[in-house]
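Peer 1: what's the 3D shape of this:
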Amino acid sequence: MRFQIEADHEAMSRCAAALILEELEKTPDLVLVAASGATPRRTYELVASSDRAKIGSSAGSPIRVVKLDEWLGLAPDDPATCDRDLLTCLLQPLKIPPHNYLGFQPDPDDPEQECTRIREALAAIGRIDLCVLGIGTNGHLGFNEPGDSLPAFAHVAELSATSLRHGMLQAARSQPRGGLTLGMAEILSARRILLLASGPHKRGPIQTLASARLSTQFPASFLWLHDDVWCVLDREAAGSIADRKNPCEAGLTIPAPGCLR
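Peer 2: Model prediction:
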């Protein structure tokens, strides 16, 4: 796990966008799992505005996007859906056609069957090249919430109080009755993982993550089982990690200042 610390949210977003564009240049038919919300939004905007990401758009983008999670029970046109967020900042700007987008429906008649559909479709794709994640203040990834066990595959999740206070829900017309999310095995199957964290409210979970102790009560800790994770943080989220005299403590690698190349 490598920690890249940038000055602020904008610098963090530019660094993360550079990594995504680098992956896209290496793999034009990139399979990208995308989290939604305020933390990655600027990153997606920067990717979408780059000419490097628009190669082939006129003929239909070869990029495939998989939505990480969705609020269960919101109407499809609710402004708080993850669909609406990704549509605005990523899918429409990059002209990604519907057949290159896989995502949970927010209001399925049968949520369990919807999870089966996503599991099967993801298995048919056969790979995830890059998974973009945020981290919850309780350590959740997507809607993989703390608990006695962590589901491996796409599932219906009972939302924690932390998730129900998420900023996205301020615009919701109704309260979600749960969450739909990829599971930990699907997340960890990605060839590369990019974790983004910004702001002082993420300092606590980043410190817990940096302790390198695995616990189902802190789902993000299982990222230590993956061999290619970049944590791109702003200084407010990094907290004392930025000041460590021994960057190899707890297995951390902290690159020199400046964006990764």
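Peer 1: continuing past the helix or strand harbouring residue 120, what's the next helix or strand?
Peer 2: Assessed by DSSP states H and E, residue 120 sits inside helix 111-125. Where DSSP H and E defines the elements, the next helix or strand beyond helix 111-125 is strand 130-133.
Peer 1: Give the pairing partners of that next one; include direction for each.
Peer 2: Strand pairing for strand 130-133, using DSSP bridges, gives strand 31-34 (parallel), strand 192-197 (parallel).
Peer 1: CA atoms only: put that strand into PDB for me.
Peer 2: What follows is strand 130-133, C-alpha atoms only, in PDB (Å, rounded to 0.1, in the frame of the first residue of the first chain):
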ATOM      1  CA  LEU A 130      -8.900  -0.200 -11.800                       C
ATOM      2  CA  CYS A 131     -11.200   0.300  -8.800                       C
ATOM      3  CA  VAL A 132     -11.700   3.800  -7.400                       C
ATOM      4  CA  LEU A 133     -12.800   3.900  -3.800                       C
END
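Peer 1: now what about it, what contacts it?
Peer 2: Around strand 130-133, the neighbours that count as contacts under CB atoms under 8 Å, 6 or more residues apart in numbering are 16, 20, 23, 30-35, 40, 43, 68, 141-142, 187, 190-196. (Each C-beta comes from the backbone N, C-alpha and C, glycine too.)
Peer 1: Spell out the residue ranges of the helices in the stretch 1-150 of the chain.
Peer 2: For the stretch 1-150 of the chain, applying DSSP state H, counting those that start in this stretch gives helices covering 9-26, 38-49, 82-86, 111-125.
Peer 1: which parts of stretch 220-227 are buried?
Peer 2: 220-224, 226 (16 or more other CB atoms under 10 Å).
Peer 1: er, stretch 27-41 I mean
Peer 2: For stretch 27-41, by 16+ other CB under 10 Å, it's 27, 30-37, 39-41.
Peer 1: which one of those sits closest to residue 116?
Peer 2: residue 33 (18.1 Å; CB to CB).
Peer 1: The closest one is in contact with residue 183, isn't it?
Peer 2: No: with contact defined as CB atoms under 8 Å, residue 33 does not count as touching residue 183 (11.9 Å).
Peer 1: And the pLDDT at the residue nearest the centre of the chain?
Peer 2: A centroid search over the chain (CA atoms, centre = their mean) returns residue 133, at 2.1 Å, as the residue closest to the centre. Looking at residue 133, its pLDDT stands at 98.
Peer 1: cool, the one 5 residues further on as well?
Peer 2: Note for residue 138: predicted pLDDT of 95.
Peer 1: now swap in residue 61 and tell me
Peer 2: So, for residue 61, pLDDT stands at 68.
Peer 1: for residue 73, same thing?
Peer 2: Confidence score, pLDDT, at residue 73: 91.
Peer 1: that older thread, is the residue nearest to the centre of the chain bridged to anything, and to what?
Peer 2: Note on residue 133: beta-bridge partners by DSSP bridges are residue 195.
Peer 1: Next one: it from residue 107, what distance?
Peer 2: Distance of residue 133 to residue 107, given as CB to CB, to the nearest Å: 25 Å.
Peer 1: follow-up on the earlier one: just tell me which of the strands paired with strand 130-133 ends up closest to residue 115.
Peer 2: Residue 115 lies closest, by CB to CB, to one member of the strands paired with strand 130-133: strand 31-34, at 15.3 Å.
Peer 1: which residues are contacting that closest one?
Peer 2: So strand 31-34 is contacted by 20, 40, 44, 63-68, 86, 90, 125, 127-132, 182, 187, 190 (CB under 8 Å, 6+ apart).
Peer 1: at 6 Å instead, please
Peer 2: Residues outside strand 31-34 that contact it (CB atoms under 6 Å, 6 or more residues apart in numbering) are 64-66, 68, 86, 125, 127-132.
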